[in-house]
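> here's a sequence, model it:
(one chain, ligands or ions: 4)
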Amino acid sequence: EGKTMRDHLRFSVVYWHTFRGTGSDPFGPGTAIRPWDDGTDSVENAVKRTRVAFEFIEKLGAPYYAFHDRDVAPEGASLSETNKIFDKVAAALKDEQERTGVKLLWGTCNLFSNPRFMHGAATSCNADVFAFAAAQTKKCLEITKELGGENYVFWGGREGYQNLLNTNMKRELDHLAKFFHMAVDYAKEIGFTGQFLIEPKPKEPTKHQYDFDTANCLAFLKTYDLDKHFKMNLETNHATLASHTMQHELEYAGMNGILGSIDANTGDLLLGWDTDQFPTNYYLTAEVMLSILKYGGLGSGGVNFDAKVRRESFEPIDLFYAHVGGMDAFAKGLKIAAAIRAEGEFDKFVAARYSSWESGVGAEIEAGKHDLKSLEKYMLAKGEAAPNQSGRQEMLENLFNRYM
Ligand code: GLO
Ligand code: NI
Ligand code: NI
Ligand code: NI
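Ligands and ions are numbered 1, 2, ... in the order given. You can find the predicted model right below:
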């Protein structure tokens, strides 16, 4: 397809965990050591921080970064002040992008941290909150365009519910669709051509998040006539929270033409929440790259490390080790996946399992030449009590090991 290995490794550093993460958890405050940062939420510090952030990304050699509006720029006392602050920090980001050549993979809005969003943003029961979220999204779309963002992400944040007894689900979903249509229209109006991405997650912070998984998002997008405008930003830890594997999510998106980008991390089955750990498992990265290669790459998407170092080991240097480990794991996974595809062993298994569809009745069914009556006739003529099973399950994991 004319793509090089590097085209599949468009690594991206996240502003929120890497430069704003504090190491806090529900049981304790931050433990992060950040000698370069005065720790305040002042505009000056936000501007100064952009230099350190880009030096980090530059040293790492990652081509991209991603942010929420509120990671890069603090909120002011009013919407108009907030917008002015954002403009100021965005100018600094633009300078840094030009200085380093690091590009913006995507921008997004934080529509979940401020207490005003406690009941959701686009799905809030309060119309003013919806309006505020709309205004915030308008501004963030403008800045993302200004910074040359190649995508724009919508992760639901608090778009979901805690209790159906006080929730009008239909109304909230209608509102969410309205919100997305407004964003699509405004992007068109200002000429933002980046890809819109939805990042599904089944729970956390709400009990039930509306953007549950790829299949659920696809149904939502089709229901509300939005499916031409959105692809998926898939995150490993969100897939496992939905009791899927990441590969399941990638396949479901890929076969439906909505595979957009990935938030690369890994979860912890014992902890059971979105722990955002750096991926180090070659089996995982190889499986991820297998699906990505199968569907021709991520296009405008990238491998975005939505991951953080643990609070127990928070030394600045750990930020480098963690990213280097993740990048190595993906490079190795890509090599493994490319070797598997070149050899075609698994493809042979798949072809053998479905061989009965290549000719005879299978091919006729696929060509639309049958109905229930004709198939009954076919079976009666064959005189079989039950068809013979075909398709052996091989020791696929063992075969996979050969490539490690
Ligand atoms: C939370 C998500 C979050 C998103 C980001 C983009 O679980 O992974 O980090 O990736 O907010 O909106
Ligand atoms: Ni994410
Ligand atoms: Ni997440
Ligand atoms: Ni995350």
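> any idea of the pLDDT on the closest residue in space to residue 161 that isn't next to it in sequence?
Spatial nearest neighbour of residue 161, chain neighbours left out: residue 167 (4.3 Å); criterion: C-beta to C-beta, 6 or more residues apart in numbering. From N, CA and C alone the C-beta is placed, and that goes for glycine too. On pLDDT, residue 167 comes in at 98.
> number of residues surrounding residue 167?
By the measure other C-beta atoms under 10 Å, the count of residues near residue 167 is 17.
> which residues touch residue 151?
Contacts for residue 151 (C-beta atoms under 8 Å, 6 or more residues apart in numbering) come out as 105-106, 194-197, 233, 260-261, 300-301.
> out of these, who's the most crowded?
residue 233 (32 neighbours).
> so which strand or helix has that one?
strand 230-235 (DSSP states H and E).
> count the residues that sit near the residue of the chain found nearest ligand 3.
In the chain, the residue that lies nearest ligand 3 is residue 274 (4.3 Å; C-beta to the ion). Close neighbours of residue 274, defined as other C-beta under 10 Å, add up to 20.
> residue 204 is in contact with that one, correct?
Yes - at 5.6 Å, residue 274 and residue 204 qualify as touching, with contact defined as C-beta atoms under 8 Å.
> hmm, who's touching the host helix or strand of residue 218?
In this assignment (DSSP H and E), residue 218 forms part of helix 214-223. Outside of helix 214-223, the residues within contact range by C-beta under 8 Å, 6+ apart are 173, 176-177, 198, 200, 210-211, 226-227, 229-230, 232, 234, 249, 252-253, 256, 258.
> hmm, try it at 6 Å
Residues from elsewhere that reach helix 214-223, judged by C-beta atoms under 6 Å, 6 or more residues apart in numbering: 198, 200, 211, 227, 230, 232, 249, 252-253, 256.
> ok, what's across the strand from the residue in the stretch 101-250 of the chain positioned nearest to ligand 2?
Closest to ligand 2 within the stretch 101-250 of the chain is residue 235: 4.4 Å, counting by C-beta to the ion. Judged by DSSP bridges, the bridge partners of residue 235 are residue 263.
> how about the residue of the chain closest to ligand 3, what does it touch?
Neighbour list for residue 274: 204, 237 [criterion: C-beta under 6 Å, 6+ apart].
> so what does it look like in phi/psi?
phi -80, psi 90 (degrees, to the nearest 10).
> check residue 114 too.
phi -60, psi 140.
> next: residue 19.
phi -110, psi -10.
> contacts only, for the residue of the stretch 151-300 of the chain found nearest ligand 4.
The minimum distance from the stretch 151-300 of the chain to ligand 4, using C-beta to the ion, falls at residue 276 (4.5 Å). Counting by C-beta under 6 Å, 6+ apart, residue 276 touches 265, 307-308.
> residue 265 versus that one, what's the distance?
5 Å (C-beta to C-beta, to the nearest Å).
> ok, residue 10 touching residue 302?
Yes - between residue 10 and residue 302 there is a contact at 3.6 Å, judged by C-beta atoms under 6 Å.
> show me the shaky parts of the protein.
For the chain, applying pLDDT under 70 flags the ranges 1, 388-394.
> ok so, going back, quick one: the strand holding residue 233 near ligand 1?
Yes - counting by C-beta under 6 Å from any ligand atom, contacts between strand 230-235 and ligand 1 involve residue 235.
> just checking, what packs against that strand?
strand 195-199, strand 259-263 (3 or more C-beta pairs under 6 Å, 6 or more residues apart in numbering; DSSP states H and E).
> re the thing from before, list residues touching both of residue 276 and residue 265?
Overlap of the contact sets of residue 276 and residue 265 (by C-beta under 6 Å, 6+ apart) consists of residue 307.
> where along the stretch 1-150 of the chain do the strands fall?
In the stretch 1-150 of the chain, the strands defined using DSSP state E, counting those that start in this stretch lie at 11-14, 64-68, 103-108.
> which helix or strand lies directly C-terminal to the shortest one?
Secondary structure here is assigned by DSSP H and E; on that basis, the next helix or strand after strand 11-14 toward the C-terminus is helix 15.
> got the contact list for residue 117?
Residue 117 touches 111, 158, counting by C-beta under 6 Å, 6+ apart.
> distance of it from ligand 1?
According to C-beta to the nearest ligand atom, to the nearest Å, residue 117 and ligand 1 sit 12 Å apart.
> roughly how far apart are that residue and residue 164?
20 Å.
> same check, this time on residue 148
Distance from residue 148 to residue 164, by C-beta to C-beta: 42 Å.
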